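Peer 1: 3D model of this:
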Amino acid sequence: MDSSNRDAHANEARETMDVLHEISTLLNTGLDRETLSICVSLCEAGVNPEALAAVIKELRLEARAVAQSAQGAGSASMVANNTSSSLPPR
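Peer 2: Model prediction:
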């Protein structure tokens with residue numbers, strides 16, 4: 001493949017990713033360009049798109065649960081610290 005063909009192929013790939021990212025943004029998927037590119041590569045490699053979508057949804061739920069758990073633990077710690085500091089010394 002000569003240089004002009006490689007450049008043309010690279011431009012086509014870039015334009016395709018631009019269109020896919022725009023569609024992704026319009027659909028409010030929350031996928032950035034890199035993640036979208038990885039998903040496309042996985043689908044091209046034969047991964048079932050519906051299974052991939054299910055995994056992404058599950059990972060997002062888990063990430064949200066971990067973030068809420070960490071946030072709750074931080075709040076509980078602050079409440080415990082504030083409560084113990086307001087008690088009179090023994």
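Peer 1: Give the residue spans of the protein that score low on pLDDT.
Peer 2: 1, 75-90 (pLDDT under 70).
Peer 1: let's go with 80 and repeat that
Peer 2: 1-2, 74-90 (pLDDT under 80).
Peer 1: In space, not sequence, find me the middle residue of it.
Peer 2: Leu31 (5.9 Å; C-alpha atoms, centre = their mean).
Peer 1: State the three-state secondary structure for that one.
Peer 2: coil (DSSP: H, G, I helix; E, B strand; the rest coil).
Peer 1: just the one 5 residues further on next, same as before
Peer 2: Leu36 carries the three-state label helix when classified by three-state DSSP.
Peer 1: dump the residue contacts of it.
Peer 2: Met17, Leu20, His21, Ser24, Thr29 (C-beta atoms under 8 Å, 6 or more residues apart in numbering). Just so you know, the C-beta spots here come from the backbone N, C-alpha and C atoms, and that holds for glycine as well.
Peer 1: picking that back up, just checking, the residue nearest to the centre of the chain touches Cys39?
Peer 2: Yes - using C-beta atoms under 8 Å, Leu31 is in contact with Cys39, at 6.9 Å.
Peer 1: All the helices of this protein, residue numbers only.
Peer 2: Ranges of helices in the chain, per DSSP state H, are 3-26, 33-44, 49-86.
Peer 1: which of those helices is buried the deepest?
Peer 2: helix 33-44 (a mean of 13; mean count of other C-beta atoms under 10 Å).
Peer 1: what are the C-alpha coordinates of that helix, in PDB please?
Peer 2: Only the C-alpha atoms of helix 33-44 are listed here, as PDB (Å, rounded to 0.1, in the frame of the first residue of the first chain):
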ATOM      1  CA  ARG A  33     -13.700   8.800  21.500                       C
ATOM      2  CA  GLU A  34     -11.200   6.400  22.900                       C
ATOM      3  CA  THR A  35     -13.800   4.200  24.600                       C
ATOM      4  CA  LEU A  36     -15.900   4.300  21.400                       C
ATOM      5  CA  SER A  37     -12.900   3.300  19.300                       C
ATOM      6  CA  ILE A  38     -12.200   0.300  21.700                       C
ATOM      7  CA  CYS A  39     -15.900  -0.800  21.400                       C
ATOM      8  CA  VAL A  40     -15.700  -0.600  17.600                       C
ATOM      9  CA  SER A  41     -12.500  -2.600  17.600                       C
ATOM     10  CA  LEU A  42     -14.100  -5.200  19.800                       C
ATOM     11  CA  CYS A  43     -17.100  -5.500  17.500                       C
ATOM     12  CA  GLU A  44     -14.900  -5.800  14.500                       C
END
